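J.: 3D, please:
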Amino acid sequence: MTESDAGPTARGRKRQRPNIFERFADGASDSEDDFEIPHVDLDLDSSSDSDSSKVKPDLELNKIMRLITTDGSKRQMTLTLDLYLTSVSLNGYINHLEIYAGKELDTQHNEGQAFGVVARLMRQSNVLNKGYHLFTDNFYTKPRIAEFLHNHKTLLEQSRQIQKAYHRASNKNFKSESQNFGDVMTVTCWLYLLEEKIADQTSSSHKHKPQCHHGRENNQGSTTDDDEPAPKRRKKAVPDQNPSDSSESDDNDDIPLSVLQDKIRKTKEAAELNGEVLTQILDQPMWVEGQFEAGDVSFVGEVEAPPDNLKTPYVYFKDIMTDEVIELTQYQTSQYALEKSGKELKTTAKEIELFIGLYLRMGLVKAHSVRAYWAFETRHPPVADHMARSRFENVASSLHFVNNSEISEEQKDEDRLWKIRPFLQEIRKNLEKIIPEEKQSIDEVMVAFKGRFGLKQYIRSKPKRWGFKLWARTGTSGILHHFDVYQGSKGPQKKTDLGVGGNVVMAMTSNLETGKNFKIFADNLFSSLKLVKALRERGLLYVGTVKENRLKGCGLKAEKVMKKEGRGAMNSKVDVASNVVAVRWFDNKKVDMISSFIGVEPVNDVKQYDKKAQKKIDIPCPAIIQEYNQHMGGVDLLDCLVSLYKFPLKSRRWYTYIFYHTVSMIVVTSWLWYRRHCILLKEKPMKLSSFQSQLAFALVNFRRLPTALHLLCRH
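T.: Just a heads-up that it's a prediction; the model follows:
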């Protein structure tokens, strides 16, 4: 028997690789030199896109690219072409891909474009005369094409059967994920599909070759339009399918993720020999169902040791609000007052500290206005006895942090925060003195402001709807480690393909030590698969909620399906290319999560209120949800503590609002730092109000304290 008369290659038998593979995978490893046709059923379809922005200038129209990767077990794995085609099927592989360059190639057949495509692809793929079944749509289902295939022992099936047989790789998904091509370029390819999951492969399957059938029994018992009845096909052992399962599920995927990831790693190494295009191909996500294995994600960063003794609130505060920051504020304030009014303010660093101390006391005992602290009826001696009202107002109106004449117009255009930038830079540098915790959260903070300035934001869901938006990174305890003010889409932040949220996370984690397995928590404003992969390259792990449209091709169960399953239903998929897990959990609504270090297991019950039962009931909850809820609230905790004892001091200058809010954040961070040391030393910490009161007392009365106490506060 000749090779042309043989049926499709039986599982376990190898056949010679077509020459076309050599044009694409030159330099690939020897382990992937041979491949097998997985099943008798083939699929042929086309896809096109009018966007030519991503077309390579050196791309040849007739160039044929192809990728085959086998794992040697029950199924095949698809690695897709980034710039040419994306398929969501994980139970087949792309055997042939061609860029169509016009009808000129098909005129030699005199049978039309469809006939030329089918004839050329089937011949070049070396699958004629072998008894295959070809599934395609109505563009290719013509009598002449059916006759041509019949003469070559290939059966043309109806397109509707492919969705019934294996709808996980339907043409709908096949087309919707296609990538950009030129205006008149059409990708024409055919994709091997497994019609059913073979649960038990007997040895007899290697001895019998499939026959070319003239008709095929479909799911309704009818046959295709041929004169002869279809012979009865050999039954395959398949597991029972639950029709309520999602179209994206694959409960029988028993191949370890480590095997798939090892295949991708080897193929990526081979891709280095084949250029940039193939590297981009291998970066595409490949979602499969399976147990997520994070590997070793233990924290190896520095952990703060217990101090010898506790410091005073003043020392904790001065570690962040250093003498350099106070002197900068004093000098620029004096210079600005002289330029503005022509009179010297004659302020000193001690007076700036006194001003801050009085501001903190105002937060502890709030009045309806600043002048109320000096008014006869509402006079507050802890404030009024230390500075005259007019002096306090003069210092407040003259607060400044930069010399206006030293800033060029170009610098002003690049950084709209130039008026307060030196102050912010010094504070951020001093925050690095605090050893960061293993688990860090990133979120937004609103600074109330209703004046006129271009950076003012409006966020309807926030308690303070109008104001400046700050990005902040804190530990789980709420300790502030990094922050910045949002300047809009035209800000100086680095532009990448991660989007605004992703760029913020990269900026907020820029001063974290890489390779220490810090865990970053953020919400769906920031999360994306690209961000998780970018952080992992820096040795940072991530978990957060994610928007559904940022998990394209993942195929998690639909919310309607999970609602029928009831509260506590969950579904997860793993991207084997990057070892990132996506989890969907249903409570009253669905919640989508993405992570690079924690998945579904272990599942624990949580108490949730049930309206029907009017009591709390136990609901299964995946580990990723519990981890997120436990460690995400650091920024919210900081914001809540700041609001407790912050006085809403009004001003005509926008940057002073940021200054006052930053001072309040420093006070809270100092207290949380002190509280951490108390926990390490197993001592009871004082309350925030007491801490702020003692700090304000030290700032107000510092110039009156004995010299020995000065030295104690400094050390």
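
J.: neighbours around residue 433, how many?
T.: Residue 433 has 10 neighbours, counted by other CB atoms under 10 Å. All C-beta atoms are positioned from the backbone trio N, CA, C, and that covers glycine.

J.: now it. Nearest residue, chain neighbours left out?
T.: Distances taken as CB to CB, 6 or more residues apart in numbering place residue 319 nearest to residue 433, at 5.9 Å, with adjacent residues excluded.

J.: if I've got this straight, that neighbour is in a helix?
T.: Yes - per DSSP: H, G, I helix; E, B strand; the rest coil, residue 319 lies within a helix segment.

J.: measure it to residue 427 for me?
T.: Noted for residue 319: a distance of 11 Å to residue 427, by CB to CB, to the nearest Å.

J.: what's the answer for residue 638, then?
T.: Separation of residue 638 from residue 427 (CB to CB) stands at 14 Å.

J.: contacts only, for residue 570.
T.: Residues counted as contacts of residue 570 (CB atoms under 8 Å, 6 or more residues apart in numbering) are 562, 583-586, 600, 603, 620, 622.

J.: one more: residue 384?
T.: Taking CB under 8 Å, 6+ apart, we find residue 384 in contact with 373-374.

J.: separation between it and residue 299?
T.: To residue 299, residue 384 is 50 Å away according to CB to CB.

J.: got a list of contacts for the helix or strand hosting residue 542?
T.: Residue 542 belongs to strand 540-545 when assigned by DSSP states H and E. Here strand 540-545 makes contact (CB under 8 Å, 6+ apart) with 297, 509, 512, 514, 517-524, 526-527, 531-532, 535-536, 591-598, 624, 627-628, 632.

J.: next step: those restricted to strands.
T.: Here DSSP state E is the test, and the contacts of strand 540-545 give 518-522, 591-595 as lying in strands.

J.: what sits against the residue lying closest to residue 685 once chain neighbours are set aside?
T.: What sits nearest to residue 685 in space, not counting adjacent residues and going by CB to CB, 6+ apart, is residue 678, at 3.9 Å. When the contact criterion is CB under 8 Å, 6+ apart, the partners of residue 678 are 310, 684-685.

J.: over to residue 573?
T.: 248, 287-289, 554-556, 581-582.

J.: pull the most distant pair out of those.
T.: 248 and 581 (14.9 Å; CB to CB).

J.: of these two, who's got more company?
T.: residue 581 (28 against 19).

J.: shouldn't residue 530 be in contact with residue 501?
T.: No - using CB atoms under 8 Å, residue 530 is not in contact with residue 501; the gap is 10.7 Å.

J.: so for these two, which sits in the more crowded spot?
T.: residue 501 (22 against 17).

J.: buried residues, the helix or strand encompassing the more buried one. List them.
T.: Residue 501 is part of helix 499-508, with elements assigned from DSSP H and E. If you call a residue buried by 16 or more other CB atoms under 10 Å, then helix 499-508 has these buried ones: 499, 501-508.

J.: now stretch 673-689
T.: Neighbour-count burial for stretch 673-689, counted by 16+ other CB under 10 Å, picks out 673-677, 685-686, 688.

J.: distance between the ends of it?
T.: Distance between the two ends of stretch 673-689: 15 Å, counting by CA to CA, to the nearest Å.

J.: figure out the length between the terminal residues of stretch 371-391.
T.: Using CA to CA, one end of stretch 371-391 lies 12 Å from the other.

J.: list the buried residues for it?
T.: Quick answer for stretch 371-391 (16+ other CB under 10 Å): 373-374, 380, 382-384, 386-387.

J.: same list (those residues) but as JSON lines, adding secondary structure, pLDDT and distance to residue 422.
T.: Converted to JSON lines, these look like this (DSSP: H, G, I helix; E, B strand; the rest coil; pLDDT from 0 to 100; distance: CB to CB, whole Å):
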{"residue": "373", "secondary structure": "helix", "pLDDT": "95", "distance to residue 422": "30"}
{"residue": "374", "secondary structure": "coil", "pLDDT": "95", "distance to residue 422": "32"}
{"residue": "380", "secondary structure": "coil", "pLDDT": "94", "distance to residue 422": "33"}
{"residue": "382", "secondary structure": "helix", "pLDDT": "93", "distance to residue 422": "31"}
{"residue": "383", "secondary structure": "helix", "pLDDT": "94", "distance to residue 422": "29"}
{"residue": "384", "secondary structure": "helix", "pLDDT": "94", "distance to residue 422": "32"}
{"residue": "386", "secondary structure": "coil", "pLDDT": "93", "distance to residue 422": "28"}
{"residue": "387", "secondary structure": "coil", "pLDDT": "93", "distance to residue 422": "25"}
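
J.: and those residues, which is closest to residue 410?
T.: Once CB to CB is applied, the member of the buried residues of stretch 371-391 that ends up nearest residue 410 is residue 387, at 39.7 Å.

J.: before we move on, the earlier item: scan the ones in strands among the contacts of strand 540-545 and report the most crowded one.
T.: residue 521 (29 neighbours).

J.: pretty sure that residue contacts residue 440?
T.: Yes - Residue 521 lies in contact with residue 440 (CB under 8 Å); the separation is 6.9 Å.

J.: tell me the domain boundaries of the protein?
T.: Following automatic domain parsing, one finds the domains of the chain at 3-198+246-284, 313-407+637-714, 409-636.

J.: weakest of those domains in terms of mean pLDDT?
T.: Lowest mean pLDDT of those: domain 3-198+246-284, a mean of 49.

J.: related to what we said a few turns ago, who touches the helix holding residue 501?
T.: 442, 471-473, 482, 484, 486, 489, 493-496, 498, 520, 522, 525-528, 530-531, 534-535.

J.: are any of those buried, and which?
T.: In the contacts of helix 499-508, burial by neighbour count holds for 442, 471-473, 482, 484, 486, 493, 498, 520, 522, 525-528, 530-531, 534-535, counting by 16+ other CB under 10 Å.

J.: residue 584: what's its closest spatial neighbour, skipping adjacent residues?
T.: In space, residue 584 is closest to residue 556, 4.3 Å off (CB to CB, 6+ apart).

J.: what about that neighbour, how many residues nearby?
T.: Residue 556 has 23 nearby residues by other CB under 10 Å.

J.: helix, strand, or coil at it?
T.: Under three-state DSSP, residue 556 falls in the coil class.

J.: that one is in contact with residue 586, isn't it?
T.: No - the criterion here is CB under 8 Å, and residue 556 misses it with residue 586 at 10.5 Å.
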